[in-house]
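Participant: Dropping the sequence and predicted coords here.
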Amino acid sequence: MHSNSEQKLNRICPVCLETRKEEVLAKQELLLVRCQSCEMVFADQVPAQYADAFYNEVADSLYLSEEKLQSDYATVRFEREIKLLRHHLSSGRILDVGCSTGAFLYQVKKRWPKSYDILGTDICQPALAYAKRQQVSVVEESFLKCDFGESHFDAITFWAVLEHLLDPRLFLAKAASLLKPGGFCFILVPNFRSLATRLLGAKYRYIFPQHVNYFTSATLRKLVGTESNWKIVEEGSCHFNPMVIWQDRKNKGAAFVSDQERVKLLKATTSYKQNPLLAPIKWAYNFSEKCLGATNLADNIYIVLQKQNQ
Ligand SMILES: [Zn+2]
């Protein structure tokens with residue numbers, strides 16, 4: 001990776017390191033390309049600022065807005081992730097990489113205070129400050145630079161993180177080195193083969209500059225395959241937000257959706273999920289999420305890995 005005079009990064013494939021790529025989609029200044037070897041889709045000619053300070057700048061308008069915090073700290077927000085964690089690990093030390101305001105760890109600690117030791121890491125300082133105020137332990141250093149010493153974890157989680165990283169392989173390699181034998185790595189990323197992406201194409205709000213990697217279950221599997229020491233123990237597809245499809249279908253010029261509009265929709269979605277009067281709709285909604293999940297068409301894909309004993 002190197003930057004040219006306009007400070008744009010010319011990327012190689014983040015999964016297989018191939019240099020040959022072809023254009024698949026352009027949305028304003030965002031350019032998506034496909035690796036000619038493994039078919040991974042990723043953003044190319046990325047502004048150099050995305051490599052570092054970017055997330056501190058968006059913190060106030062998005063991560064720390066009241067609506068985003070309410071949505072993230074709502075008990076329903078991380079229910080699928082928590083279920084996945086509980087299914088594989090009933091106690092132990094968890095490291096949440098890209099923990100943002102700490103909402104996932106907060107829920108885990110609140111519900112099972114005696115079972116888990118929690119630690120979060122992120123590069124967004126204002127979000128970490130918020131996490132600390134909620135009694136979530138954090139390290140204020142980027143995951144790659146941080147020396148965790150002798151500590152080995154029973155689980156390392158990447159909830160909606162790898163799509164933001166210019167070099168996700170480095171993060172996975174470090175995660176593999178920090179896990180205890182038998183420990184688990186949980187990964188969740190947006191699904192580039194989702195129903196929403198298929199219906200909306202470039203109009204879809206999650207095709208935007210903050211996402212630099214666009215995984216399918218096949219390319220995510222290839223990425224985790226770069227670590228030979230762990231085994232896939234579960235994978236699937238989850239989450240579905242029909243309101244996003246409803247809103248984004250009207251996005252004629254395929255414009256980027258503002259942070260304000262994002263939080264507005266989050267707020268509406270959270271309140272629908274918590275409204276007891278909408279139970280029948282919720283049933284229909286859960287059913288469609290299940291169908292989409294079964295066909296790998298839901299909004300996100302996840303994969304659970306277990307480190308092998310050597
Ligand atoms: Zn590739």
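Facilitator: All right, it came through fine.

Participant: all helices of the stretch 201-310 of the chain, in order?
Facilitator: Assigned by DSSP state H, counting those that start in this stretch, the helices in the stretch 201-310 of the chain fall at 217-224, 242-248, 259-274, 279-294.

Participant: For R249, list the residues it contacts.
Facilitator: R249 is in contact with L199, L200, K203, counting by CB atoms under 8 Å, 6 or more residues apart in numbering. Any C-beta I mention is one placed from the backbone N, CA and C, and that applies to glycine too.

Participant: no wait, K68
Facilitator: L62, V263, L266.

Participant: ok, so what distance separates the second one from the ion?
Facilitator: The one in question is V263. 34 Å (CB to the ion, to the nearest Å).

Participant: try the last one
Facilitator: Between L266 and the ion the computed distance is 33 Å (CB to the ion).

Participant: follow-up on the earlier one: using JSON lines, please lay out the contacts of K68 together with pLDDT.
Facilitator: Formatted as JSON lines, those follow (pLDDT from 0 to 100):
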{"residue": "L62", "pLDDT": "72"}
{"residue": "V263", "pLDDT": "79"}
{"residue": "L266", "pLDDT": "76"}
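
Participant: where in the chain is pLDDT low?
Facilitator: The model of the chain has pLDDT under 70 over residues 1-6, 51-61, 310.

Participant: buried ones in stretch 184-198?
Facilitator: When burial is assessed from 16 or more other CB atoms under 10 Å, stretch 184-198 yields the following buried residues: 184-197.

Participant: The residues you listed in strands, which ones?
Facilitator: Judged by DSSP state E, those include F184, C185, F186, I187, L188, V189, P190 as members of strands.

Participant: Checking the residue nearest to the third one when sequence neighbours are not counted next. Helix, strand or coil?
Facilitator: Across the structure, with CB to CB, 6 or more residues apart in numbering as the measure, the residue nearest F186 apart from its sequence neighbours is T157 (4.5 Å). Here T157 is recorded as strand under DSSP: H, G, I helix; E, B strand; the rest coil.

Participant: Give me every residue in the chain lying close to the ion.
Facilitator: Within the chain, the residues that sit near the ion (CB under 5 Å from the ion) are C13, V15, C16, E18, C35, S37, C38, M40.
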